[in-house]
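Chemist: sharing a sequence plus its predicted fold:
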Amino acid sequence: MTIGYVHVGAPEHGVSRYGRLLAAEARTRRALRVLERELPLTGDPEIERQRIVELGTQLAGADVVHLQYNSQLTNGVWGAAWEPLRRLRLLARSVRAPLAVTLHDVCTLPPLSAREILRDPVQGVRTTRLRAPQYVTLQWLRRRTARLLVCSEYERARAGARHPRVTVIPHFVERRELPTSTGAAKAALGLEGKRVVTLLGYIHQRKGHALLIDALAELPADVVVVFAGGTPQADDSFLRSLWSRAAERGVSDRLRVTGFVPDEELTPYLAATDLAVCPFRSMSASGSLSTWIAVERPILASDLPQIAEYNTLEPGVIRTFTPITASSLAQTIRAALDVDPSNGCEARSRLRAKLLLPSIFDRHMKVYREMSCQPIKG
């Protein structure tokens, strides 16, 4: 059986990386033949049209074609506004095989966006409401694709729970090992004698960085917060505002921001972490949360529906806090740091095993088989 994977976006982008890791796992399966193709987006419609038509020819032997799409109100890996729909429609016309599309960042999309004011000299002012392009694109994906994949039941509801071709496959966990102890990692990073609380991933308003700074002001002096990540855009005004906030609360000396770090430099921070914190105000499938599950660190997260789904897989494996306030977060961090870190390690190991990439890819294979009506072995 032949599976085609179409990669859009920079390799380090979480959505693009997700598809590349699936393709890498597919290559380990002897029963599968894998075709991987890059689709650079230049913004030139004619050049893109030629590339997409060529891509369709290159994927002519595929039984199934799988791609990743993030449904965002602003700019996603497929572009902004009406660009994703234009590109996806052309791709669907060029590729003969059934399409599987994994939806990422599934937000609640309003069917209507802007208001256009039309002035009629006879009837006066008339208002016309315009359909949001993201909503139209998602509706098109529901109609045109053979299967839509999401990472949680909560996202399934957002994407259209009653749609028969929406399938939930949890976000996979990579196989990662921490080659050094927590104590050795702290010593290497100059964090000896500190209790380390880490928020991993892009620095973005909805991920709770400001909330964690406020909570830090209510925590003991030996607690240090690490923001392990950088800003996704060239504009770092939000990061500057975080540093100002930390200075106002007198905790600048207990805050460390790594900026973007490659995996080999990230590993010591993962090992040095006593508590991973995910104080998100909203979330879709989280790559950073999957990383914490992979290295089996204790996790504290906002009490969100997606977190509840992990706790359904393995009861109580992720500690939660509510309401989403600095005081509530600080209180729960304090309680979590006072617990022996070995508590819950067996539950964390079981959750990791359930979500490892090979196991999750088996569920993708089942979907591919259903789409192609061909048996897959191995």
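Modeler: Perfect, thanks for sending it. Residues are numbered from 1 along each chain as shown.

Chemist: ok, which stretches of the stretch 101-250 of the chain are strands?
Modeler: Taking DSSP state E, counting those that start in this stretch as the test, the strands found in the stretch 101-250 of the chain are 112-120, 124-131, 147-150, 166-168, 195-200, 223-228.

Chemist: least confident of the ones you listed, on average?
Modeler: Among these, strand 112-120 carries the lowest mean pLDDT, a mean of 49.

Chemist: pLDDT weak spots in the stretch 201-350 of the chain?
Modeler: The model of the stretch 201-350 of the chain has pLDDT under 70 over residues 233-235, 284-285.

Chemist: my error: substitute the stretch 51-200 of the chain in the last question.
Modeler: In the stretch 51-200 of the chain (pLDDT under 70), the answer is 73-74, 107-131, 160-163.

Chemist: how about 50 then?
Modeler: For the stretch 51-200 of the chain, the stretches with pLDDT under 50 are 114-120, 122, 127.

Chemist: what segments of it are helices?
Modeler: Using DSSP state H, counting those that start in this stretch, the helices found in the stretch 51-200 of the chain span residues 83-94, 133-144, 153-160, 182-189.

Chemist: as a markdown table, those helices with mean neighbour count and distance to I3 would be great.
Modeler: Any C-beta I mention is one placed from the backbone N, CA and C, and that applies to glycine too. Compiled in a markdown table, those are given as follows (neighbours: other Cβ atoms under 10 Å; distance: least, Cβ to Cβ, whole Å):
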| stretch | mean neighbour count | distance to I3 |
| --- | --- | --- |
| helix 83-94 | 19 | 16 |
| helix 133-144 | 18 | 19 |
| helix 153-160 | 19 | 22 |
| helix 182-189 | 16 | 38 |
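
Chemist: could those helices go into CSV alongside distance to R245?
Modeler: As requested, these are arranged in CSV below (distance: least, Cβ to Cβ, whole Å):
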stretch, distance to R245
helix 83-94, 35
helix 133-144, 31
helix 153-160, 30
helix 182-189, 23
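
Chemist: who does T320 bridge with?
Modeler: A301 (DSSP bridges).

Chemist: contacting residues for it?
Modeler: For T320, the contact set (Cβ atoms under 8 Å, 6 or more residues apart in numbering) comprises 300-303, 307, 311, 332.

Chemist: same check, this time on V317
Modeler: 299, 310-311, 344, 347-348, 350-351.

Chemist: which secondary structure element is home to it?
Modeler: Under the criterion DSSP states H and E, no helix or strand holds V317.

Chemist: and the gap between the spatially most central residue of the chain and A301?
Modeler: Nearest to the mean C-alpha position of the chain, counting by Cα atoms, centre = their mean, stands S286 at 3.9 Å. Distance, S286 to A301, using Cβ to Cβ, to the nearest Å: 9 Å.

Chemist: shared neighbours of the two, anything?
Modeler: When contacts are counted by Cβ under 8 Å, 6+ apart, S286 and A301 have 278, 280 as shared neighbours.

Chemist: roughly how far apart are W243 and F361?
Modeler: From W243 to F361 the distance is 41 Å (Cβ to Cβ).

Chemist: pick out whichever of those two has more residues nearby.
Modeler: Ranked by neighbour count (other Cβ atoms under 10 Å), W243 and F361 place F361 first, with 21 against 14.

Chemist: what's across from the residue nearest to R147 when sequence neighbours are not counted in the sheet?
Modeler: Leaving aside its sequence neighbours, R147 sits nearest to A100 (Cβ to Cβ, 6 or more residues apart in numbering; 4.6 Å). Beta-bridge partners of A100, counted by DSSP bridges, are H66, R147.

Chemist: what do you get for the one 4 residues further on?
Modeler: For H104, the beta-bridge partners are N70 (DSSP bridges).
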